[in-house]
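Student: Sequence plus the predicted model coming up.
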Amino acid sequence: MALNDFFALLLTAGGASAVASWILERIKAYADIENSETKRWIFFGVCAALSLGSYCVITFVPESVLLQIAPYFGIVATVFLSVFLGNSFHAKDKLSASGTVNNPIITADVDSPTAEAIMDAKQ
């Protein structure tokens, strides 16, 4: 996804909602809020800020600047996908969770409930 495509995605309600949801779900203070109405307004504010910020970038930042930062965006986007999709994959992958994968890049939690269940099933 190119930088301009990312900003165009943030202009849509679905794109802003997806990004806001992903960010807010990882913030403990947001998760600790019990009042659903308060959460809804915070979510709305973050979505609006993302959409308006994206609009301002597309409208007011010169195209030459966007072209200059596009390679850095590509690098960060690739690392982001590698880290977060890789972690999601390894959290679901039974072989990685079992500790039987002999790969120094993969750090398996052999004491996890999933790994223990796999080891019990093997016995």
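Tutor: Perfect, thanks for sending it. Numbering: from 1, shown residues only.

Student: Could you tell me which ranges of the chain sit under the pLDDT cut-off?
Tutor: 87-123 (pLDDT under 70).

Student: give me that answer again for 90
Tutor: Filtered on pLDDT under 90, the chain yields the residue ranges 1-2, 4, 13, 77, 80-123.

Student: May I ask you to name the longest helix in it?
Tutor: helix 63-92 (DSSP state H).

Student: tell me which strands and helices that helix is in contact with?
Tutor: Judged by 3 or more Cβ pairs under 8 Å, 6 or more residues apart in numbering; DSSP states H and E, helix 63-92 is in contact with helix 3-11, helix 94-97. (C-beta placed from N, C-alpha, C; glycine too.)

Student: and the angle for it with helix 3-11?
Tutor: In terms of direction (axes from the mean of the first three to the mean of the last three Cα atoms, to 10 degrees), helix 63-92 departs from helix 3-11 by 70 degrees.

Student: what secondary structure does residue 26 sit in?
Tutor: coil (DSSP: H, G, I helix; E, B strand; the rest coil).

Student: Contact partners for it?
Tutor: Going by Cβ atoms under 8 Å, 6 or more residues apart in numbering, residue 26 touches no other residue.
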